[in-house]
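Visitor: Pasting the sequence and the predicted model now:
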Amino acid sequence: MGNVVSGVQIRRRLPAVEERLTRPRRLVRELPDLDAGRLHRLIRSGDLAPCFDPAEDAGDGQAEECPICFYFYPSLNRSKCCGKGICTECFLQLMPSKTSNAVHCPFCKIKFYAIEYRGAHTTSEKKTKQEGEQNVNETKLKEHSKSRIAGENIHP
């Protein structure tokens, strides 16, 4: 199959992923219904982030932290609902088995949790995220200062 333009078939170029990065290596619980072949295809097709080797720190500052396991990775999968990042191995452990119910997003709690993989954040996405975090920190600092001043006025 594939797209056809003027009678010429265009093939989607698959990302070069090392074979070892298509298999989970640090799962906390056994996943009896894990379809290794499907996982391999999803990673090879670019629909799921590779099972990168985790790092303890951000290193060069380009790595992203998984908010579930707190390890750093070159890139993460993104929640379709809220855009939060999650590594492939944490995502696999959250997914329902054949006998369990649908999973809620661990971040915003929306039912029917799903992810997508878009690769590493672009420079502009990283800048926007950093500005958002800075705004949140500044707001918290202002609120803390206001409550501290209000407390001093009440208790002379």
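Guide: Sure thing, it's come through.
Visitor: any chance you could map the helices in this structure?
Guide: Ranges of helices within the chain are 36-44, 88-94, 123-154, based on DSSP state H.
Visitor: Break the protein down into its domains, please.
Guide: 16-120, 122-156 (automatic domain parsing).
Visitor: Would you mind finding the most buried of those domains?
Guide: Ranked by mean neighbour count, the domains of the chain are led by domain 16-120 with a mean of 15 (mean count of other CB atoms under 10 Å). In this view, the C-beta of every residue, glycine as well, is placed from N, C-alpha and C.
Visitor: gap between the two ends of that domain?
Guide: Using CA to CA, to the nearest Å, the end-to-end distance of domain 16-120 comes out at 15 Å.
Visitor: oh, and call the first residue 17 from now on, that's how I've got it
Guide: Shifting the count to begin at 17 puts that one at domain 32-136.
Visitor: so Leu37 makes contact with Ile59?
Guide: Yes - contact criterion CB atoms under 8 Å: Leu37 and Ile59 qualify, at 7.0 Å.
Visitor: list residues touching both of those two?
Guide: Here Leu37 and Ile59 share the contacting residues 66-67, scored by CB atoms under 8 Å, 6 or more residues apart in numbering.
Visitor: quick one on the thing from earlier: now tabulate the helices of the chain in a markdown table and tack on mean pLDDT and distance to Ile131.
Guide: Putting these into a markdown table (pLDDT from 0 to 100; distance: least, CB to CB, whole Å) gives the following:
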| stretch | mean pLDDT | distance to Ile131 |
| --- | --- | --- |
| helix 52-60 | 88 | 10 |
| helix 104-110 | 90 | 6 |
| helix 139-170 | 72 | 16 |
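Visitor: Let me know which of the ones you listed is the nearest to Ala79.
Guide: Taking CB to CB, helix 139-170 is the member of the helices of the chain nearest to Ala79, at 11.2 Å.
Visitor: how about the helices of the chain in TSV, adding distance to Phe128?
Guide: Converted to TSV, the helices of the chain look like this (distance: least, CB to CB, whole Å):
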stretch	distance to Phe128
helix 52-60	18
helix 104-110	12
helix 139-170	25
